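Asker: let me see the structure of the following:
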Amino acid sequence: MLATVIASIVVFALLFTGMAIGSILANKPVKGSCGGLATLGMKQGCEICGGDQDACDENSREVNAKRAGELGQDVLKT
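Answerer: Next up is the predicted model:
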């Protein structure tokens with residue numbers, strides 16, 4: 001039983017490592033899935049933006065600036 005657990009952990013570690021190497025070598029940004037609220041027609045139900053893409057972008061900038069400030073990084077706002 002212990003051998004099975006260890007073998008499973010090793011297999012998953014190899015899979016994660018392979019996916020990470022593939023993602024690095026592909027040199028493409030990570031994207032979300034094709035799903036989400038928009039495909040269900042529920043984008044207007046978003047608690048943050050209410051369907052307004054500009055509000056979502058502004059919120060993302062604020063969150064990123066706050067996180068960078070917590071880490072002591074200097075962020076240029078665009």
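
Asker: hey, let's count contacts and neighbours off CA atoms from now on
Answerer: Fine.

Asker: output the lowest mean pLDDT helix or strand found in the chain.
Answerer: helix 53-70 (a mean of 76; mean pLDDT, DSSP states H and E).

Asker: what comes up buried for that one?
Answerer: Going by neighbour count (16 or more other CA atoms under 10 Å), the buried part of helix 53-70 is residue 65.

Asker: return the alpha-carbon coordinates of that helix using CSV.
Answerer: The C-alpha trace of helix 53-70 is given here as CSV (Å, rounded to 0.1, in the frame of the first residue of the first chain):
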residue,chain,number,x,y,z
GLN,A,53,-15.0,45.3,-18.9
ASP,A,54,-13.5,48.7,-18.0
ALA,A,55,-14.5,48.2,-14.3
CYS,A,56,-12.9,44.7,-14.4
ASP,A,57,-9.7,46.1,-15.9
GLU,A,58,-9.5,48.9,-13.3
ASN,A,59,-10.1,46.5,-10.4
SER,A,60,-7.3,44.2,-11.8
ARG,A,61,-4.9,47.2,-11.8
GLU,A,62,-5.8,48.1,-8.3
VAL,A,63,-5.4,44.6,-7.0
ASN,A,64,-2.1,44.2,-8.8
ALA,A,65,-0.8,47.5,-7.4
LYS,A,66,-1.9,46.5,-3.9
ARG,A,67,-0.1,43.2,-4.1
ALA,A,68,3.0,44.7,-5.5
GLY,A,69,3.0,47.3,-2.7
GLU,A,70,2.7,44.5,-0.1
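
Asker: got a pLDDT number for residue 17?
Answerer: At residue 17, the model reports a pLDDT of 96.

Asker: that one: which element?
Answerer: Using DSSP states H and E, residue 17 falls within helix 2-26.

Asker: what helices or strands is that helix leaning on?
Answerer: If you count contacts as 3 or more CA pairs under 8 Å, 6 or more residues apart in numbering; DSSP states H and E, helix 2-26 packs onto no helix or strand.
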